[in-house]
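Student: model this:
(chains A, B and C)
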Amino acid sequence: MGSEIEIQFAVERLLARYVASLDEDRLEEWPGYFTEECRYQIISAENYEQHLPIGVFFADSRGMLSDRVSALRQANVYEAQRYRHIVSSTLILGEEDGVVRAQSNYLVLRIMHDGATAIFSSGRYLDRVSFRGKGPLFVEKLVVFDSRRVDTLLAIPL
Amino acid sequence: MGSEIEIQFAVERLLARYVASLDEDRLEEWPGYFTEECRYQIISAENYEQHLPIGVFFADSRGMLSDRVSALRQANVYEAQRYRHIVSSTLILGEEDGVVRAQSNYLVLRIMHDGATAIFSSGRYLDRVSFRGKGPLFVEKLVVFDSRRVDTLLAIPL
Amino acid sequence: MGSEIEIQFAVERLLARYVASLDEDRLEEWPGYFTEECRYQIISAENYEQHLPIGVFFADSRGMLSDRVSALRQANVYEAQRYRHIVSSTLILGEEDGVVRAQSNYLVLRIMHDGATAIFSSGRYLDRVSFRGKGPLFVEKLVVFDSRRVDTLLAIPL
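Tutor: Next up, the predicted model:
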């Protein structure tokens, strides 16, 4: 595992690689940031706080994430825009059995084909990162978004 | 105090905990990030540069910060919206007698109840962080905001 | 050079100092972040991906950067607004002969004189940072912006 600073560094590096893959339209790399069995969920802050298990997207295996990428590719949904992730304030919350809990603030900008740029989503990443095996990899990643205005396009990797 | 990297890590961690408390509506934790005697000020870049001591909000003790939280709770001002802080480019500027000077860029988004998201404030944190006692804690935090358009709601913890 | 964490720290610190100079209108410091011979280019993501060498601004020496600052000062272009840089997800990609390749996501806000704040530019910094001599200094800095809407004012240091 390493020292506090080494864990912070490793988690921030994982996050930086993760958002680089998304922003550079290398979606096929996305599932590879997760363990084989995992939990990925996009959920509103409101539902998260009320413990309502109703999210915009849910997957519990790397295979489901791969299926999602295939679907996005077939529909040409992802490439029509650009996305830019800003991640900040990554906080290591604890560690148990080689799995680190971390949270970060995020902001995703969407740049439309005509160049118009808008705030697409803001919120928190609530992550559980495994350092076992050849990690670090996400065992769990909850994307808890702030706005209740749900864009139907939100079911892209965030 | 520790090495340069350890100080950077500690200041960034303090900032990350600070904004997490604000964004998660745990305002009551806010005064606890400051030393008993402290200086907290929200001031426009224009006034700051002209050395005009006219800010939007000023406090010089942890008690004043607690009073502010009570007032915000009674008026239900804070909870009506969500806030999301993005902090970047934290720079350690110097150290004297166990107190570190640091600055960071910040961006605060406000998410209204209907989901509309807007840039609420941008600017710089000018911090003096004490590593004495059970620190790190803010001895001084100046929130120097960029825009001269002062929102009356700006007198919330930033 | 140092360990992975030390390099990460040094590159992030260089970037933090760089954006602080720009945001605080200390443009004259800008060329000093580069080696004497260098490459600085502002280019759209579209042109960058298609290997079209058509950028908004190009310089290949510290002298050219200084000339640019002089021109901006004479035209009073820069000071009419404020800028705020948010940098995140800095990723060290490799190292060769004391030169580190790094990339970061950036967001630049522009605050007009009347206080209106808008997203001015988002994109990626693609940097090559020399640790030789009295470094770290930029040998190369490509500012690859996301939006095809090119603001004529974009030829400011980003």
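Student: got the residues of chain A near chain B?
Tutor: Contact residues, chain A versus chain B (CB under 8 Å from any CB of the partner chain): A:4-5, A:8, A:45, A:86, A:88-91, A:103, A:105, A:107, A:119, A:122-124, A:146-149. C-beta: built from backbone N, CA, C; applies to glycine.
Student: which of these are buried? Put it as a ChimeraX command.
Tutor: Here is the ChimeraX command that selects the buried residues among these (16 or more other CB atoms under 10 Å in any protein chain shown):
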select /A:5,8,45,86,88,89,90,91,103,105,107,119,122,123,124,146,147,148
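Student: show me the residues of chain A next to chain B that map onto helices.
Tutor: A:4-5, A:8, A:45 (DSSP state H).
Student: and which of those is nearest to chain C?
Tutor: The nearest member of those to chain C, counting by CB to the nearest CB, is A:I5 at 6.6 Å.
Student: let me know the closest of the ones in helices among the residues of chain A next to chain B to chain B.
Tutor: A:I5 (5.1 Å).
Student: quick one: residues contacting the closest one.
Tutor: B:5-6, B:9, C:5 (CB atoms under 8 Å, 6 or more residues apart in numbering or on different chains).
Student: 6 Å - rerun?
Tutor: Shown in contact with A:I5 (CB atoms under 6 Å, 6 or more residues apart in numbering or on different chains): B:F9.
Student: same check, this time on A:G115
Tutor: Neighbouring residues of A:G115 by CB under 6 Å, 6+ apart: C:147-149.
Student: ok so, going back, which pair in the ones in helices among the residues of chain A next to chain B spans the largest distance?
Tutor: Farthest pair in those (CB to CB) is A:I5 and A:A45. Separation: 30.0 Å.
Student: ok, and the closest non-adjacent residue to the residue in chain A that chain B sits nearest to?
Tutor: Residue of chain A nearest chain B, by CB to the nearest CB: A:R149 (3.1 Å). Once flanking residues are discounted, A:R149 sits nearest to B:G115: 3.1 Å by CB to CB, 6 or more residues apart in numbering or on different chains.
Student: just the closest residue of chain A to chain C, please.
Tutor: Per CB to the nearest CB, A:G115 is where chain A lies closest to chain C, at 3.2 Å.
Student: tell me the secondary structure at that residue.
Tutor: coil (DSSP: H, G, I helix; E, B strand; the rest coil).
Student: list the contacts of the spatially most distant residue from the centre of chain A.
Tutor: Outermost residue of chain A with respect to the C-alpha centroid, by CA atoms, centre = their mean, is A:D114; its distance is 26.1 Å. Listed by CB under 6 Å, 6+ apart, A:D114 has no contact partners.
Student: ok so, going back, next, the residue of chain A closest to chain C: phi, psi?
Tutor: For A:G115, the backbone dihedrals (degrees, to the nearest 10) come out as phi 100, psi -10.
Student: A:F34 now?
Tutor: Backbone torsions for A:F34, taken as degrees, to the nearest 10, come to phi -120, psi 160.
Student: helix/strand/coil for the spatially closest residue to it that is not a sequence neighbour?
Tutor: Counting by CB to CB, 6+ apart, A:F138 is the residue found nearest to A:F34 once chain neighbours are left out, at 4.8 Å. Secondary structure assignment for A:F138 (three-state DSSP): strand.
Student: from A:C38, how far off is A:V139?
Tutor: 6 Å (CB to CB, to the nearest Å).
Student: spell out the residue ranges of the strands in chain A.
Tutor: A:34-44, A:57-61, A:82-96, A:99-111, A:117-130, A:137-145 (DSSP state E).
Student: ok, and what's touching the longest one?
Tutor: If you take CB under 6 Å, 6+ apart as the criterion, strand A:82-96 is touched by A:7-8, A:12, A:15, A:19, A:23, A:101-111, B:16, B:19-20, B:86-88, C:86, C:88-89, C:105, C:107, C:122, C:146.
Student: now that strand: mean pLDDT?
Tutor: On average, the pLDDT along strand A:82-96 is 97.
Student: run me through the strand neighbours of it, direction for each.
Tutor: According to DSSP bridges, strand A:82-96 forms sheet pairs with strand A:99-111 (antiparallel).
Student: strand A:34-44 and the strand it pairs with, what's the angle between them?
Tutor: Between strand A:99-111 and strand A:34-44, the angle comes out at 60 degrees (axes from the mean of the first three to the mean of the last three CA atoms, to 10 degrees).
Student: who are the contact partners of A:R101?
Tutor: So A:R101 contacts A:93-94, A:128 (CB under 6 Å, 6+ apart).
Student: try A:Q8
Tutor: A:I92.
Student: ok so, going back, including distance to B:A59, could the strands of chain A go into CSV?
Tutor: Compiled in CSV, these are given as follows (distance: least, CB to CB, whole Å):
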stretch, distance to B:A59
strand A:34-44, 34
strand A:57-61, 43
strand A:82-96, 23
strand A:99-111, 25
strand A:117-130, 28
strand A:137-145, 31
